[in-house]
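1. got a sequence here, can you build the structure:
(chains A and B)
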Amino acid sequence: MAVKVHLWESLARFTDNKTELTIDADTVDELIYILSCDYPGLIEFFKSGFSIAINDEISNPDFNDLLPENAEIFLLQKLKGG
Amino acid sequence: MAKDELAKDFKYIGTRPNRPDGYDKVTGRAKYGADVAAVGMLHGAVLRSPYAHARITSINFEKASKLDGVKAIITRDDFPVGIDGDTLNLLENTIAGEFAYYDGHAIAAVAATTVHIAKEAINEIEVEYEVLPHVIDVDEAIKPDAPVIKNNARDFSVPEGSSPNVASYIEFGTGDIDGGFDKADLVKSGRFKTEAAHQGYIEPHACMAQLDHDGQGEMWVCTQGHWYIRQMCASVLGLEASKLCVTPSEIGGGFGGKTTIFIEPLALALSKKSGGRPVKIVMSRAEVLRATGPTASASMDVKIGITKDGYLTSGSVEFRMQGGAFGGSPVSEALQCAFAPYNMPAAHHIGYDILANRPRAAAYRAPGSPMAAFAVESLIDEICTDLNLDPIDVRLKNAVKEGDKSSYGPKFKKIGLIETLEAAKDHPNYSISLGDNQGRGVAAGYWMNHGGETSVSVSLAEDGSVNVTVGTPDIGGSRASIALMTAETYGIPYDSVRVNIAETGALGFNEPTHGSRATLASGKAVYEAANQTISEMCQRVARKWQIDPDAVFWENGYAKPAGANAGDFSPISIKQIASEMDQTGGPIAGHHEASIRGVGHSFGVHIADVEVDPETGRITVLRYLVAQDAGRAIHPSYVEGQFQGGAVQGIGWALNEEYVYGADGCLQNAAFLDYRVPVASDLPNIDTIIVEVPNPDHPFGVRGVGETGIAPPLPALANAVNAAVGARLRSLPMSPGKVLKTIKTGEDGC
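-> Here you go, the predicted model:
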């Protein structure tokens, strides 16, 4: 499945200055694996914890989630609350 | 769930029954953290650093250990080594290693047979310090000559060349920023500052812990999240999490400040060193203020462009927030909230998380959002004043709605900002005439809300009443709201439901009651678990009637045949089904575990009227209105309570509350006498409007209501003060002296 991944600008220095990437991945796990292989600088971001928005649904990441075709994905800093 | 189903009439949801824990709490029977006791229990006390920054060169507790009644003394040497990452930060903040990083940082702890002996022993511990330079102010901390608090504190995100006191960096945006400013008729910018504020919960932190040498232990803790406590304590002490059982006490307020560890690992370590005797530690108010986690202080630059008819064209922010000596300020959340209410063609955000010699920041109600709102909503008000535009009309013109892209990326689903603005504008408070030195301020606020990891169970008692077990401590009436949703799901009376808050062994992992998630997430999970039991009851009735399970449906507490073709059977009540459980297959219970999705974003709009005494600078809040989209108010009284509570904390933050440090870097106002939270006599009646634009992704339309309400008061009051006396304060708190200075000099306080 081809999905579009949006990254915040502060991560772009790890992705050749790209803030939008098109990735072929079927699951969140595969997506993170591919991003980590292609852009190792993102590994620390993933390790620090993150939230994900898949087609505008923001949640904790579920690595087994299937990604819909042409899904729009935002990787966000992990949400906290009071 | 179809959206039209959300509009149906409810039998229990939306009613206002007494809260199940109310009687215990008003009679004093409820057990809070400090009320817990056990046979053989010892009392703990903590020695804290008197310096803002120092190297600890020696600790001698020989004299202290000889006092009668002293059973254990611990220092950092009693904790594991080889820990890194954020676990090391947690441990370092719990008890200092080589360095004390802030006034109040724990150095050592004692367990003794009485509190008095423990405190006496603390005074007998001899510590030698090498005092080091310190830095308190967030802007001072990133100057080239600022003391370096820690080497290698920065994470992966920090660009090369940044100050060594920058712990993390974030940048994001959308659209053509410069092009947007070029299209504007007015571009305005400003710097805004807020001081650190404490959650100010009434109940100080307290815990009792027992830990044996085999690593098995128990804790009773005043906390918002006992799985977090278990996880963090196990990490810093090198324990297996499952061997630690943590039970939450009732909680006298948390507001985010009780989602992490402070004294809990100390109590466990003291217990282990004293041979497994239970150890209780109760913080004093001074310890709470000096050594727990207030929110960050902030310095913020904002620039906004707007057309003369009130359409925002572009906006940029740079937020610098100090989160204490270990980082952790809510700068990323602040950035996400900054322009969230507005559909702007372009927005750009930069944030720095900065170290300072202060206690480690913890979450505080909508972390980061109040600071962001103060900066952005104040500047929007300045723009409205300059262009002679109505502040609510400008917000209506630019308000986000369903399908709009948020300033941080994802599109909004169904949201209710426009409805909330319209409700506020229609309220009588917006048109009441004002007198001399009186002014009205308006501001909007936002919180994204959170689902999070959740585990619940539901079981039928043999008489047809229902037990619900959740892992989210009740800090704002969630027992009542969860009982109402359960009653609605089954169609049984509210009084037939009991909601229990379970210890960590009883359920799967639960995130704390944070992020406005308890009613949303536990409520959604309970709905799923209850429907499991309803399905099981329908199956048992189908077997009894010898028909297909699909031919049985559930309505108002009864299993009924689904239609004439199903057969002619009399409905069977939940009471009868429950009474026959032992003869129909045994207990009936359901459970649900998930990372809950379907959160609903929440927006609020506040209107504040103030009077400013031009001779003293004193601000009196004359009247106050909170309008907020709750999605669905399950128990309207507790929704109103959350709205009012958020407003009160925001009023305190705006007018009085601040951490005051001396030149020595020590906190000067570590008592409620000097750290002044609002009391009832400081406040007007706070009117509320519950706007209900149901969240389509929650079975009852819930959004979460706990946090949004603290964001708008900061700018609403600053805007009102400016309207009253023409004094624009860009620095909080707006204490009388500061207000007077701004009136006289026009300086904005930054």
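2. what strand or helix carries residue B:553?
-> Per DSSP states H and E, residue B:553 falls inside strand B:552-555.
3. spell out which parts of chain A neighbour chain B.
-> Selection of chain A residues close to chain B by Cβ under 8 Å from any Cβ of the partner chain yields A:6, A:8-11, A:13, A:41, A:44-45, A:48, A:53, A:56-60, A:62, A:74, A:76-77, A:79-82. To be clear about C-beta, it is placed using only N, CA and C from the backbone, and glycine gets the same treatment.
4. on that earlier part again, any buried residues in the strand holding residue B:553, and which?
-> Neighbour counts using 16 or more other Cβ atoms under 10 Å in any protein chain shown place B:552, B:554 of strand B:552-555 among the buried residues.
5. OK, contacts around residue B:652?
-> Counting by Cβ atoms under 8 Å, 6 or more residues apart in numbering or on different chains, residue B:652 touches B:197, B:200, B:676, B:677, B:678.
6. likewise for residue B:405?
-> Applying Cβ under 8 Å, 6+ apart to residue B:405 gives the contacts B:174, B:343, B:411, B:412.
7. burial count for the third one?
-> So that's residue B:411. Residues near residue B:411, counting by other Cβ atoms under 10 Å in any protein chain shown, number 15.
8. now swap in residue B:662 and tell me
-> Look at residue B:662: counted by other Cβ under 10 Å, it has 12 neighbours.
9. without its sequence neighbours, what residue ends up closest to it?
-> residue B:668 (5.1 Å; Cβ to Cβ, 6 or more residues apart in numbering or on different chains).
10. hmm, residue B:660 and the one you found touching each other?
-> Yes: Residue B:668 is within contact range of residue B:660, at 4.5 Å (criterion: Cβ atoms under 8 Å).
11. mutual contacts of the two, please.
-> What both residue B:668 and residue B:660 touch, as defined by Cβ under 8 Å, 6+ apart, is the set residue B:674.
12. can you list the domains in chain B?
-> Domain ranges of chain B: B:3-30+B:451-596, B:33-132+B:204-251+B:258-291, B:297-449+B:599-745, per automatic domain parsing.
13. return the most buried member of these.
-> Of all these, domain B:297-449+B:599-745 has the most neighbours on average by mean count of other Cβ atoms under 10 Å in any protein chain shown, namely a mean of 23.
14. low-scoring pLDDT stretches of chain A, where are they?
-> Within chain A, no range satisfies pLDDT under 70.
15. can you give me the strands for it?
-> A:2-6, A:20-24, A:50-54, A:57-59, A:72-77 (DSSP state E).
16. could you identify the longest helix within the chain?
-> I went with chain A, as the question did not name one. Ranked by number of residues, the top helix in chain A under DSSP state H is helix A:28-38.
17. was after chain B, sorry
-> Chain B, longest helix under DSSP H: helix B:523-545.
18. what's the mean pLDDT across that helix?
-> Helix B:523-545 carries an average pLDDT of 98.
19. quick one, grab the pLDDT at residue B:80.
-> Residue B:80 is given a pLDDT of 97.
20. excluding chain neighbours, give the residue nearest to it in space.
-> Closest to residue B:80 by Cβ to Cβ, 6+ apart is residue B:238, at 4.3 Å.
21. just the residues contacting stretch B:537-550, thanks.
-> With Cβ under 8 Å, 6+ apart as the test, stretch B:537-550 has contacts from B:460, B:551-554, B:559, B:561-562, B:566-567, B:569, B:572, B:574, B:577, B:580, B:584-585, B:588.
22. got it, and stretch B:570-580?
-> Contacts of stretch B:570-580 (Cβ under 8 Å, 6+ apart): B:460-465, B:490, B:492, B:537, B:540-541, B:544, B:555, B:557-560, B:584, B:588.
23. do that again at 10 Å, thanks
-> For stretch B:570-580, contacts defined as Cβ atoms under 10 Å, 6 or more residues apart in numbering or on different chains pick out B:459-466, B:490-492, B:496, B:533-534, B:536-538, B:540-541, B:544-545, B:552, B:554-561, B:584, B:587-588.
24. could you pull up phi and psi at residue B:564?
-> phi -60, psi -30 (degrees, to the nearest 10).
25. check which element follows the helix or strand of chain B with the lowest mean pLDDT along the chain.
-> Within chain B, no helix or strand scores below helix B:3-6, which has a mean of 47 by mean pLDDT, DSSP states H and E. Where DSSP H and E defines the elements, the next helix or strand beyond helix B:3-6 is helix B:22-27.
26. neighbouring strands for the helix or strand just after that next one, and are they parallel or not?
-> Sequence order places strand B:42-48 as the next helix or strand after helix B:22-27, per DSSP H and E. Sheet pairing of strand B:42-48 (DSSP bridges) gives strand B:106-112 (antiparallel), strand B:279-282 (parallel).
27. gap between the next helix or strand after strand B:42-48 and the chain center?
-> Next in sequence after strand B:42-48, counting helices and strands by DSSP H and E, comes strand B:54-60. How far strand B:54-60 lies from its chain's middle: 35 Å, per Cα atoms, centre = their mean, to the nearest Å.
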